[in-house]
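> task: produce atomic coordinates for the following.
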Amino acid sequence: MSTIQSSPACPALLIDGSSACFFCGVLGNDGNWLAFEKAPEPALESLFKTVDHVLNEAGIELDAIQSYIYCEGPGSMLGLRLCAMAIETWRRLQPTPGATYAYNSLQLAAASLLKESTHTEDALLISDWKKDTWNGLIISSGALPAVAPIHSDELGDWQGPLYHLPARKGWQQPPTNAVQLSYHPENLPALRTTPGLIQATDGVALYQSGLNTFQKWTPDRHRAAPAEPGGGHASRSAS
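Residues are numbered from 1 along each chain as shown. Presented below is the predicted three-dimensional model:
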């Protein structure tokens, strides 16, 4: 992701497939919504029909879109990838591809909390990632901190305020003291000046935790058995 801070050219199309409800909207030249809609179904069922409806409501043709704003995640990987595919397809159909801008779902939720109340500083915000591991960030004023993985053991040691942003499909239950949040991409225009929230990108790039658990391939176990003296091959043990 680029570190260049710039404002998306408008009209801008925003799409967010990170949660169980697909969201899209069109921002006008004043940076406010021309139209937006939160569909009750996830992106797989609602992406294209909802985008069509919102564009019609805004009185905008897809060719007139100057930039695309998308949620990079974390969230539903299927929804995020469908949105990425759609944006890259639309950009390639335009005479001049629109610029792309990304925001992070946890950072957006944190910015919303800070705007509602300053008492949320030094609170931990989490969302589900995989078994025994969460996405998390510590809420603070100023520039938004990066999202980082947090293990369930570390989460159990947290003593401060705790907030939970539900995922479409959760692998585990959050701690009982976690306050559940609802997700509101429609708040983004009011938060667009938050440092680090919206960042220019070279294309659609989704959030990566940076933790890979794939086993590295090693050639030794795939090589042929060494030849025995006299031209034969060493036999393999059945164990």
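> report pLDDT for residue 114.
With respect to pLDDT, residue 114 has a value of 88.
> and stretch 153-171, how far from the chain's centre?
Stretch 153-171 has its average C-alpha position 17 Å from the chain's average C-alpha position, going by C-alpha atoms, centre = their mean, to the nearest Å.
> got the contact list for it?
The contact list for stretch 153-171 (C-beta atoms under 8 Å, 6 or more residues apart in numbering) reads 19-20, 42, 74-76, 79, 105-106, 109, 113, 120, 122-131, 134, 136, 139, 174-175, 177-181, 183. Where you see a C-beta, it was placed from the backbone N, CA and C, and this is true even at glycine.
> what do you get for stretch 105-121?
For stretch 105-121, contacts defined as C-beta under 8 Å, 6+ apart pick out 16, 18-19, 71-75, 123, 125, 127, 135-137, 139-141, 144, 147, 161, 163, 165, 181, 183-185, 187-188, 190-191, 194, 196-197.
> now, those residues that are in helices?
Of the contacts of stretch 105-121, the ones assigned to helices by DSSP state H are 188, 190-191.
> quick one: the helices in the protein?
Counting by DSSP H, the chain has helices at residues 43-58, 77-93, 105-116, 152-156, 188-191.
> any chance of a markdown table for those helices, columns mean neighbour count and distance to residue 206?
Formatted as a markdown table, these follow (neighbours: other C-beta atoms under 10 Å; distance: least, C-beta to C-beta, whole Å):
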| stretch | mean neighbour count | distance to residue 206 |
| --- | --- | --- |
| helix 43-58 | 17 | 13 |
| helix 77-93 | 17 | 5 |
| helix 105-116 | 21 | 11 |
| helix 152-156 | 12 | 24 |
| helix 188-191 | 18 | 18 |
